[in-house]
Each structure stands twice: as C-alpha cells, then as structure tokens.
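> Next come a sequence and a model predicted from it.
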Amino acid sequence: MNICAGILNNIYTDPGLLDTVTLKGTRFESVEAVKAKATEVLNQLTEEDFQHCFQQWKSGNYVCCVCHEIDEPNPNFIVVYDLQSGTLFKKWKPSCNTVSLEISSQGGCVISGLEDARILVWDLITGNCRWSLSGHTAPVSLLKLDPTGALCLSTDSECRDRSIRIWDLNKGDLVAVYTPKTNITSCEITSSCRHVVLALEGYKSLITLQLRGPNVEEKRDDGVYGDAENAGRTFELQDNC
C-alpha cells in the first residue's frame with residue numbers, strides 16, 4: 001500500500017491494528033514502515049503528538065486519515081484505504097482543513113468537521129457528500145457518534161462556540177442544540193442520543209441532558225424496581241432512633 005506523498009496527521013481505525021498507527025509529523029512511505037515503527041512510537045507518544053484521538057472502524061476493513069501535502073499550501077484532505085486489498089478506496093478534498101473525523105460503520109459514512117464550521121457527511125460506498133450540515137460558529141473540532149451510528153454530537157473542543165448539536169445522519173437534520181453557560185470540558189452521548197452527559201468548567205458534578213420533543217419517541221421502562229409484591233402497598237415508617 002503506497003501512501004500519497006504527504007504527512008499523515010492522524011489515523012482512525014481499529015486500535016488493534018498496529019500497522020495503522022502513525023506519529024503526527026512523521027512521514028511514512030508504506031504501512032509496513034508504520035508497522036515497523038509502531039512499537040517505538042507507542043512508547044514515546046504524548047497528547048501533542050496527535051491532532052485527534054483514535055477512533056474505531058468496527059469491521060476493521062478500512063483506515064481513514066487526514067493527510068497534508070508536503071510543501072503545499074492547499075488544505076488537508078481525507079483518504080480511505082482498504083486494508084484487505086491495500087488500495088486507495090476513497091479520497092475527498094474539502095475546500096478547507098478538516099479538524100475532526102468520525103466513522104460510522106453502521107451508516108457506511110465518514111463524518112468530517114471542518115475549519116469553516118461546517119460538517120460534511122461522506123458516503124463510503126458512492127463517495128458522494130450526503131449532507132453539508134451548518135449551524136456552528138467555530139471550527140467543529142469534536143465529533144462523537146452514538147452507539148447506533150445514526151446520530152452524531154458535534155461541538156468545538158476549544159469552546160469558541162459552546163453549543164453542542166445533535167445531528168441525524170440518515171436525514172441530515174438537526175435534532176437538538178444546547179448551549180451551556182460555561183465551557184464544556186468533556187461530553188459523551190448515549191445510545192439513540194437519549195442522554196448527553198457533560199462535564200462543565202466550574203462544576204463539580206456531571207450534567208445529564210435528556211432529549212425531549214414532539215418528534216422524539218418516548219422510551220418507557222416497564223421493568224419493576226424492587227420487590228414486585230410490594231407494588232401498591234402502603235407502609236408506615238417509624239423512626240426507632
């Protein structure tokens with residue numbers, strides 16, 4: 001597999017595949033060269049060595065990364081390699097730099113956050129851009145998929161735009177938006193995006209948001225908490241202290 005004449009800034013794939021690990025700023029001519037360097041690199045990595053964290057492609061068939069041409073002022077671009085055949089599978093060149101990347105194996109798409117505050121959703125099979133999502137006012141530097149791969153949370157990790165937005169990747173619609181009063185230090189999304197958990201600057205406790213609205217299906221939990229025989233019974237509680 002010959003990698004384009006560029007610098008691999010970051011790679012998103014199954015963490016178990018050592019031959020897809022690379023260090024930001026280090027030029028590799030082939031995946032074999034990356035594999036040979038992997039053990040040494042893993043022991044030396046710091047947070048600054050990566051532009052973004054690792055992501056998982058559940059099938060392990062593809063690796064997606066953001067590349068930058070050597071000695072060229074052009075924006076970086078996205079490439080997808082087929083790890084089974086070792087060939088270039090897809091290549092996309094947005095009009096500005098990509099600052100975040102996610103892969104939905106269930107949805108068969110790649111989601112890229114751009115420097116100009118847009119989010120582009122790419123079809124992994126056809127190579128077409130499914131959706132161009134707008135609404136943020138700063139570079140979309142953080143993307144998180146829910147476990148189903150159908151919904152995506154987006155925000156600016158540097159909090160220039162404090163809003164978090166939830167997108168439906170199947171319809172290209174904005175599902176919800178929330179802007180806290182203080183900066184977000186960490187966030188996570190649950191299955192079907194029913195809840196978003198936030199850690200906020202200046203708060204000692206986590207904040208949990210619940211998705212509600214006219215188009216949101218209510219999920220009722222009919223399970224019984226405690227002893228089913230006590231349902232409906234009345235108890236007189238006494239303080240024996």
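In hand now; what should we look at?

> Bridge partners for G113, pull those for me.
Beta-bridge partners of G113, counted by DSSP bridges, are S100, I119.

> My error: substitute I189 in the last question.
In beta-bridge terms (that is, DSSP bridges), I189 pairs with V196.

> And for V66?
Bridge pairing for V66 - DSSP bridges - gives N10, I78.

> Need the pLDDT of it.
On the pLDDT scale, V66 is placed at 86.

> same question, S59
Per-residue confidence for S59 comes out at a pLDDT of 58.

> now do G25
pLDDT at G25 comes out at 43.

> got it, and F50?
Here the pLDDT value assigned to F50 is 38.

> Same check on the one 3 residues further on?
Among the per-residue scores, C53 holds a pLDDT of 32.

> three-state assignment of S192?
helix (DSSP: H, G, I helix; E, B strand; the rest coil).

> how much space between it and T148?
Per C-beta to C-beta, to the nearest Å, S192 is found 6 Å from T148. Where you see a C-beta, it was placed from the backbone N, CA and C, and this is true even at glycine.

> for C65, same thing?
Taking C-beta to C-beta as the criterion, C65 is separated from T148 by 24 Å.

> Contacts only, for T137.
For T137, the contacting residues are A117, R160, D161, S163, by C-beta atoms under 8 Å, 6 or more residues apart in numbering.

> Quick one: buried ones out of these?
For the contacts of T137, a burial check counting by 16 or more other C-beta atoms under 10 Å picks out A117, D161, S163.

> With only the CA atoms kept, save the host helix or strand of V63 in PDB.
Element membership for V63, per DSSP states H and E: strand 62-69. Extracted C-alpha coordinates of strand 62-69, given in PDB (Å, rounded to 0.1, in the frame of the first residue of the first chain):
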ATOM      1  CA  TYR A  62     -10.800   0.400   6.300                       C
ATOM      2  CA  VAL A  63      -8.500   3.000   7.600                       C
ATOM      3  CA  CYS A  64      -9.400   6.700   7.300                       C
ATOM      4  CA  CYS A  65      -6.900   9.500   7.900                       C
ATOM      5  CA  VAL A  66      -6.300  13.200   7.200                       C
ATOM      6  CA  CYS A  67      -3.300  14.000   5.100                       C
ATOM      7  CA  HIS A  68      -1.400  17.100   4.100                       C
ATOM      8  CA  GLU A  69       0.700  17.500   1.000                       C
END
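
> so what does it touch, helix or strand wise?
Contact here means 3 or more C-beta pairs under 8 Å, 6 or more residues apart in numbering; DSSP states H and E; on that basis strand 62-69 packs against strand 6-12, strand 77-82, strand 98-104.

> Worst mean pLDDT among those strands?
Among the helices and strands packed on strand 62-69, strand 6-12 scores lowest, at a mean of 38.

> then stretch 112-119 to CSV, C-alphas only?
What follows is stretch 112-119, C-alpha atoms only, in CSV (Å, rounded to 0.1, in the frame of the first residue of the first chain):
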residue,chain,number,x,y,z
SER,A,112,-15.7,15.3,8.9
GLY,A,113,-15.7,18.6,10.9
LEU,A,114,-14.3,21.5,9.0
GLU,A,115,-12.4,24.6,9.9
ASP,A,116,-15.1,26.8,8.5
ALA,A,117,-17.7,25.4,11.0
ARG,A,118,-19.4,23.0,8.6
ILE,A,119,-19.9,19.2,8.9
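
> Right, I'll leave it there.
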